[in-house]
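Trainee: Give me a model of this one.
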Amino acid sequence: MKTRKRREKRVGKFGLAVFLIAACAYSSGVAAQGSTKTWRCGSTYSDRPCEGGKTVKVDDPRSDADRRAAEAGAKSNGVQADKLERSRLSLERAAYDRDRQAAREARSAAMAERRMALSEQQARERATKAAGDPRKSTMSFNSGGSGGKSAGDAPAKKKKRKSRDSDAG
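Mentor: All right, here's what the predicted structure looks like:
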């Protein structure tokens, strides 16, 4: 007896679900077929009347050939728009790359200029320091000779060469 009641409850719930699904499907089909008027409510359009709304005729009076020509024109315009967009994006990418390269070169030039200014400043500082330091005394003096002479050595006397004429005679 209990199993029979359970079975009836299951069948009852299943039947109710089927009925509700069928009712929804029927009502949505009727709603789609019965709506023949379109209402303009301000800047929006609706299938339901609204306060201050006006009915709008939405039937397309064009012939099939006109409709196909309009669709072909729209498709052609879309293709052209896509080409123009790709071209624009390509130009923008090239300009972006040029700007990045110019910025990189400007940074490089600025760094080189800073390095140059720093080296010039260091050279000026070295020159100023060298000019301010007393000169070191030298212990030796070379008179330009090639020998290893020290400051206390007397200059060596050069030997006179005999001329060829005196050798021959």
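Trainee: What helices and strands are in contact with the longest helix along the chain?
Mentor: Criterion DSSP state H: the longest helix present in the chain is helix 64-132. Judged by 3 or more CB pairs under 8 Å, 6 or more residues apart in numbering; DSSP states H and E, helix 64-132 is in contact with no other helix or strand. All C-beta spots, glycine's among them, are computed from the backbone N, C-alpha and C.
Trainee: Could you verify that V58 is part of a helix?
Mentor: No: looking at V58 with DSSP: H, G, I helix; E, B strand; the rest coil, it is coil, so not inside a helix.
Trainee: show me what contacts it?
Mentor: T38 (CB atoms under 8 Å, 6 or more residues apart in numbering).
Trainee: Then the one 4 residues further on?
Mentor: Shown here is R62, whose contacts under the criterion CB under 8 Å, 6+ apart are A70.
Trainee: That one in helix, strand or coil?
Mentor: Going by three-state DSSP: R62 is coil.
Trainee: Give me the phi and psi angles of it.
Mentor: Main-chain dihedrals, R62, degrees, to the nearest 10: phi -70, psi 160.
Trainee: what do you get for K136?
Mentor: Here K136 shows phi and psi, under degrees, to the nearest 10, equal to phi -80, psi 140.
Trainee: I'm done for today, thanks for sticking with me.
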